[in-house]
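Colleague: Give me the fold of what follows.
(2 chains)
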Amino acid sequence: QQPVQSPQAVILREGEDAVINCSSSKALYSVHWYRQKHGEAPVFLMILLKGGEQKGHDKISASFNEKKQQSSLYLTASQLSYSGTYFCGTGGGADGLTFGKGTHLIIQP
Amino acid sequence: DVKVTQSSRYLVKRTGEKVFLECVQDMDHENMFWYRQDPGLGLRLIYFSYDVKMKEKGDIPEGYSVSREKKERFSLILESASTNQTSMYLCASTLQGLQQPQHFGDGTRLSIL
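Modeller: Sure, this is the predicted structure:
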């Protein structure tokens, strides 16, 4: 079953913050986050494996709440280069990922 | 850097044709995957393979088959192409383990006329 992402789309001005949520009706053991720019392949951002785990690099970070079966991706002081579609994926390993439908992020100057 | 190469960027075929999409990875990854991507639906898993000659059905395998004769190559086959198989197809590979990221190819945009 696909995880549910929210919002479906968001438009920001450069420098504003954004939060993208990913929730599942099934127990989560890992959450992957990817970003895809138009016409390009999805690019790996980060994986969270443990409940309560938080990760980040640069101004993009994520948290994983195992009990709530959800993960959130935080984009701080957004840059134009952050524009794209963000996907969360659950599962992983040899069985592949079940991706959400994606969140379209548009950053305007 | 991991390189996942899909044989065609764009492909146009006719209804009823047998279509082959090829994917090659150069990092000795055990696991390989085929997804299709449609607007508003995200990426959906068609088939995956965790070893040579091994294959498992994903979420939407109907109308597709796969072949993995060599570790580095994973082929997706549309036995008799139909218009509802017009889509973007993405191949990915990964090492074993939940903590391993998936590496994607650039995709093949397939149109069935």
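
Colleague: Helix or strand for residue 34, just tell me which one.
Modeller: Assuming you mean chain A. strand A:31-36 (DSSP states H and E).

Colleague: look at chain B instead
Modeller: strand B:31-38.

Colleague: Which residue ranges of chain B form helices?
Modeller: Per DSSP state H, chain B carries no helices over any range.

Colleague: Residues of it that sit close to chain A?
Modeller: Within reach of chain A by CB under 8 Å from any CB of the partner chain, chain B has these residues: B:4, B:30-31, B:33, B:35, B:40-45, B:48, B:50, B:56, B:58-59, B:90, B:94, B:96-107. Quick note: C-beta positions are derived from backbone N, CA and C, even for glycine.

Colleague: one step back: what residues of the strand holding B:W34 count as buried?
Modeller: Under the neighbour-count criterion of 16 or more other CB atoms under 10 Å in any protein chain shown, strand B:31-38 has B:N31, B:M32, B:F33, B:W34, B:Y35, B:R36, B:Q37 buried.

Colleague: for stretch B:94-102, same thing?
Modeller: B:T94, B:L95, B:Q100, B:P101, B:Q102.

Colleague: ok, now which ones touch B:G107?
Modeller: A:A41, B:Q6, B:R9, B:Q37, B:M88, B:Y89, B:L90 (CB atoms under 8 Å, 6 or more residues apart in numbering or on different chains).

Colleague: Phi, psi for the first one please.
Modeller: The phi and psi torsions at A:A41 (degrees, to the nearest 10) take the values phi -80, psi 150.

Colleague: Where does pLDDT dip in chain A?
Modeller: Counting by pLDDT under 70, chain A contains low-confidence ranges at A:51-54.

Colleague: residues in contact with the top strand by length along chain A?
Modeller: Longest strand in chain A by number of residues, with DSSP state E as the criterion: strand A:84-91. By CB under 8 Å, 6+ apart, the residues outside strand A:84-91 that reach it are A:3, A:5, A:20, A:22, A:24, A:26, A:28-38, A:42, A:45, A:71, A:73, A:97-100, A:102-105, B:42-43, B:102.

Colleague: got the residues of chain A near chain B?
Modeller: A:2, A:29-30, A:32, A:34, A:40-44, A:47, A:49, A:87, A:89, A:92-102.

Colleague: mind redoing it with 10 Å?
Modeller: A:1-3, A:5, A:8, A:29-30, A:32-34, A:36, A:39-49, A:85, A:87-89, A:91-102 (CB under 10 Å from any CB of the partner chain).

Colleague: In the sheet, which residues pair with the one residue sitting closest to the centre of chain B? Tell me.
Modeller: Nearest to the geometric centre of chain B sits B:W34, at 2.8 Å (CA atoms, centre = their mean). With DSSP bridges as the criterion, B:W34 is bridged to B:Y47, B:C91.

Colleague: what does B:K70 give?
Modeller: Going by DSSP bridges, B:K70 forms beta bridges with B:R73.

Colleague: A:V31 now?
Modeller: With DSSP bridges as the rule, A:V31 is bridged to A:L48, A:T90.

Colleague: From A:E40, how far out is it?
Modeller: The gap separating A:V31 from A:E40 is 22 Å, by CB to CB, to the nearest Å.

Colleague: Just the CA trace of stretch B:27-39, in CSV.
Modeller: These are the backbone C-alpha positions of stretch B:27-39, laid out as CSV (Å, rounded to 0.1, in the frame of the first residue of the first chain):
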residue,chain,number,x,y,z
MET,B,27,28.6,-1.6,-9.6
ASP,B,28,28.0,-5.3,-9.1
HIS,B,29,24.7,-4.6,-7.3
GLU,B,30,22.7,-7.7,-6.3
ASN,B,31,19.3,-6.1,-6.5
MET,B,32,17.7,-4.6,-9.6
PHE,B,33,14.2,-3.1,-10.1
TRP,B,34,11.8,-1.9,-12.8
TYR,B,35,9.3,0.9,-12.0
ARG,B,36,6.9,2.8,-14.1
GLN,B,37,6.1,6.4,-13.4
ASP,B,38,2.8,8.0,-14.3
PRO,B,39,1.6,11.5,-13.5
